[in-house]
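Student: Give me a model of this one.
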Amino acid sequence: MNDLNDIFKLLNDSNFGFAVRENDYLFPMIESLHVLSDVIVFGSIAMVDLHLLGLTFRRSNFSKVSTELLPFTWVAFFFAFITGVALFISNAVNYSANTFFQAKMFLLVLAGINMLVFQHLISEDHHRWSQQSQIPNSARLAGLISLTVWLGVVLCGRWIGFTIEPVLAN
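Tutor: Reported below is the predicted structural model:
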């Protein structure tokens, strides 16, 4: 584990980490883009999940809803990932030790596993789900798990800012 801490320290002390951390505008700008990206990721996923649960887009089939929303999800996820990495590098040592950051990373892995299970096992016949009553219970459960896990990602992400130790200039 010491090697991993050495990597975090190296990232933390890098020119990029220092620049993001010490610039009056760079960190807030990156953080704002990260939050905006997170909102789009969560919002678009929530709409698909709520559809699976029968709470939204009741007159649309799953294929139409997911085809229209998921491109926004992936573009926003890309920006959330890039900005999240930049934020992490700015304070890697403290983020890596933060319980809420660790929980957020764990929940992101769970969200990915849920998505893979849904994509490769549950939704193989999604083109047959033309009516809300045809969405199988396994898909509804995947939607509920997804919604719950992503809500946890958002909440943990928000708590990071209140629990992280600041890095003082060297």
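
Student: so where's this structure uncertain?
Tutor: Where the chain drops to pLDDT under 70, the residues are 1, 130-133, 166-170.

Student: Show residues contacting stretch 17-30.
Tutor: Defining contact as Cβ atoms under 8 Å, 6 or more residues apart in numbering, one finds that stretch 17-30 is touched by Leu11, Thr83, Ala86, Leu87, Ile89, Ser90, Asn91, Ala92, Val167, Ala169. Any C-beta I mention is one placed from the backbone N, CA and C, and that applies to glycine too.

Student: cool, stretch 121-139 as well?
Tutor: Applying Cβ under 8 Å, 6+ apart, the set of residues contacting stretch 121-139 from outside is Leu52, Gly54, Arg58, Asn61, Phe62, Ser63, Ser66, Phe118, Ala142.

Student: which of the residues you listed count as buried?
Tutor: For the contacts of stretch 121-139, burial is judged from neighbour counts taken by 16 or more other Cβ atoms under 10 Å, and it is met by Leu52, Asn61, Phe62, Ser66, Phe118, Ala142.

Student: Could you export those residues as TSV, including distance to Ser44 and secondary structure?
Tutor: Shown next, in TSV, are the buried ones among the contacts of stretch 121-139 (distance: Cβ to Cβ, whole Å; DSSP: H, G, I helix; E, B strand; the rest coil):
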residue	distance to Ser44	secondary structure
Leu52	13	helix
Asn61	17	coil
Phe62	14	helix
Ser66	10	helix
Phe118	15	helix
Ala142	16	helix
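
Student: for this protein, what spans make up the strands?
Tutor: Taking DSSP state E as the test, none of the chain falls into strands.

Student: sorry, back to before: most widely separated two among the contacts of stretch 17-30?
Tutor: By the measure Cβ to Cβ, the contacts of stretch 17-30 have their two most distant members at Thr83 and Ala169, which lie 22.4 Å apart.

Student: Between these two, point out the one with more neighbours.
Tutor: Per other Cβ atoms under 10 Å, whichever of Thr83 and Ala169 has more neighbours is Thr83, with 20 against 6.

Student: My guess is the more buried one contacts Asp38. True?
Tutor: No. If you go by Cβ atoms under 8 Å, Thr83 and Asp38 don't touch, sitting 9.0 Å apart.

Student: Can you give me the distance of Met115 to Val48?
Tutor: Separation of Met115 from Val48 (Cβ to Cβ, to the nearest Å): 11 Å.

Student: So which of those two has more stuff around it?
Tutor: The residue with more neighbours, out of Met115 and Val48 and counting by other Cβ under 10 Å, is Val48; that gives 22 against 15.

Student: got the contact list for that one?
Tutor: Taking Cβ under 8 Å, 6+ apart as the criterion, Val48 is in contact with Val65, Ser66, Leu69, Leu70, Thr73, Gly143.
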